[in-house]
Each structure stands twice: as C-alpha cells, then as structure tokens.
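> Just a sequence and a predicted model for now, questions to come.
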Amino acid sequence: MCLGIPMQIKHINGYVARCEARGVERDANLLMMLDQDLQVGDYVMISVGNVVARIDEDEARKAWALYDEMFTAIDSSSA
C-alpha cells in the first residue's frame, strides 16, 4: 500500500519540484503533471517520488491530521 504525502512546492527546476512538509524536504518528479500549471507555493500530493495531484491547503492539513491519528494509534498499540 502506498500513501500520498501532502507537501508544498518550494522550488521548481525543470521537471523537478523541491517540496517541503513538516520541515522535511524532498525532490519530486513533475512529469505526471505536465498538463498542470504548478507554481511555487502550491500544495501537491507526492507518491513514490512523483507529484500525482494538486491539492489545496485545507486538504493537506486534513491529510496530515489523519496521518497523525494513524501514527498515534500505531504508537499506542505498540506500547
């Protein structure tokens, strides 16, 4: 199973976007989104190193809140 990770574009260099989420930066390939006019500041969903969708800031926050719940539940069940 793969989870998409919501991130914000910080820099674009050709077909690569430097994205950030929670202080972590990663490069992501833009080739799957060539039909979109992605810009610095946009929120995107990253999966397996590729930008797969543009999302809004609210969707990104909701996804992270859900992931936080999942990680908390996993941590609680491990203890």
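That came in fine, so what should we check first? Residues are numbered from 1 along each chain as shown.
> Neighbours of the residue nearest to residue 22 when sequence neighbours are not counted, how many?
Counting by CB to CB, 6 or more residues apart in numbering, residue 22 lies nearest to residue 64, which is 7.6 Å off, once chain neighbours are set aside. (C-beta placed from N, C-alpha, C; glycine too.) Each residue near residue 64 was counted by other CB atoms under 10 Å, and the total is 14.
> Likewise for residue 68?
Taking other CB under 10 Å as the neighbour definition, residue 68 ends up with a count of 10.
> Repeat that for residue 46.
By other CB under 10 Å, the burial measure for residue 46, its neighbour count, is 21.
> can you start the count at 40 instead of 1 from here on
Done: numbering now begins at 40, and the last item shifts to residue 85.
> for it, which residues make a bridge with it?
Beta-bridge pairing of residue 85, defined through DSSP bridges, involves residue 44, residue 90.
> Surely it touches residue 91?
Yes - contact criterion CB atoms under 8 Å: residue 85 and residue 91 qualify, at 7.1 Å.
> Spell out which residues are contacts of both of these two.
Counting by CB atoms under 8 Å, 6 or more residues apart in numbering, the common neighbours of residue 85 and residue 91 are residue 43.
> how near is the residue nearest to residue 61 to residue 47?
Plainly put, residue 103 is 11 Å away from residue 47 if you go by CB to CB, to the nearest Å.
> Likewise for residue 68?
Residue 68 is 16 Å from residue 47, where distance means CB to CB.
> How about residue 55?
As it turns out, when the distance is counted by CB to CB, residue 55 lies 15 Å from residue 47.
> Verify the contact between residue 103 and residue 43 for me.
No - look at residue 103 against residue 43 with CB under 8 Å: they stay out of range, at 11.5 Å.
> which ones are touching the residue nearest to residue 61?
Contacts for residue 103 were tallied using CB under 8 Å, 6+ apart; they are 45, 60-61.
> how close does residue 56 get to residue 99?
The span separating residue 56 from residue 99 equals 15 Å under the rule CB to CB.
> hmm, I was thinking of residue 42
13 Å.
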